[in-house]
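> Show me the folded form of this:
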Amino acid sequence: MSEVVTGLDVITRALQTLGVYGVGGAISGMEATDVLLRLNSLVGSWAITPGTIPLVSRTVYTLVANKGSEANPYLIGPAVTGSDFVSATVPHELEGAGILLSGATPQVEVPRAVLNDVQWASIAVKDLTSPIFTSVFYTAGAPNGEIVLWPVPDTAIHSLVLYRGEQVPMFANLSTSYTLPDGYVEALDYNLAVRVAPSYGVPVSPDLGRLAVQTLATVKRANVQMTDLENDFASGGGGYNIQTGA
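Below you'll find the predicted structure:
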């Protein structure tokens with residue numbers, strides 16, 4: 001089951017775990033706001049930590065002809081930041097991409113390469129245009145991420161498909177409710193307690209430190225996705241021979 005919590009719920013549990021507040025103890029507004037900043041710093045660090053992304057979403061975006069170049073990229077992020085592709089958070093990276101071809105029944109989606117910095121730098125003519133793009137180059141930033149398509153589509157008939165990790169959301173305030181997957185509230189509880197312990201002059205006990213590590217490890221294990229293992233023998237390729245060392 002998932003769990004619905006507010007920022008204040010997480011903060012209260014963490015401070016109770018740390019032993020600086022008893023059950024029913026009142027946390028001052030200024031103190032809660034300070035710990036909320038630390039909570040969001042923890043959530044932000046998880047967004048770039050391997051294994052902490054709970055799910056990968058698939059979203060189809062409508063394109064605009066002759067848009068998507070390096071000089072005129074698509075922006076992805078919250079609606080209030082003027083993004084072209086509205087997203088609650090700015091993706092740290094793309095898990096995958098595709099092009100959804102128009103006019104096909106049933107719909108046909110073709111995978112597209114997501115380029116890294118070196119691969120993008122190796123492309124000599126970056127403003128090349130074509131009806132169909134073959135690659136996607138993404139740059140994370142604030143307040144929006146930037147998406148460049150190559151070649152730049154000169155028609156809007158096809159659509160862009162993005163696969164992106166949906167990280168744990170930042171807590172906008174103390175009272176807004178968020179639904180978190182199994183294990184995340186407990187991991188936030190113990191890890192936030194460890195993070196704020198120095199501010200309260202409380203030493204982190206071995207048990208608390210161990211629980212923080214264990215609960216985060218549990219979350220990471222739950223997010224591991226199995227992949228097919230390549231088999232050279234099945235495709236006729238060679239393998240390692242322990243007799244010859246080759």
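> where along this protein do the strands fall?
For the chain, applying DSSP state E gives strands covering 3-6, 55-62, 74-77, 85-86, 94-101, 108-115, 129-130, 135-139, 145-150, 152-153, 159-166, 177-180.
> Show me the one of the ones you listed that comes nearest G44.
Among the strands of the chain, strand 159-166 comes nearest to G44, with 13.7 Å by Cβ to Cβ. To be clear about C-beta, it is placed using only N, CA and C from the backbone, and glycine gets the same treatment.
> and for that closest one, what are the contacting residues?
53-63, 74, 76, 85, 87, 89, 91-100, 102, 109, 133, 136, 147, 149 (Cβ atoms under 8 Å, 6 or more residues apart in numbering).
> What pairs with that strand, parallel or antiparallel?
strand 55-62 (antiparallel), strand 94-101 (antiparallel) (DSSP bridges).
> now the helices for the chain?
Ranges of helices in the chain, per DSSP state H, are 7-18, 29-46, 117-121, 184-196, 206-222.
> could you check the angle helix 206-222 makes with the second one?
For the pair helix 29-46 and helix 206-222, the angle between their directions (axes from the mean of the first three to the mean of the last three Cα atoms, to 10 degrees) equals 50 degrees.
> which helices and strands sit right next to helix 29-46?
helix 7-18, helix 184-196 (3 or more Cβ pairs under 8 Å, 6 or more residues apart in numbering; DSSP states H and E).
> and the last one, average pLDDT?
The average pLDDT within helix 184-196 is 96.
> What about P106, how many residues nearby?
Residues contacting P106 under the criterion other Cβ atoms under 10 Å number 4.
> one step back: could you export the helices of the chain as TSV, including mean neighbour count?
Shown next, in TSV, are the helices of the chain (neighbours: other Cβ atoms under 10 Å):
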stretch	mean neighbour count
helix 7-18	21
helix 29-46	16
helix 117-121	11
helix 184-196	22
helix 206-222	15
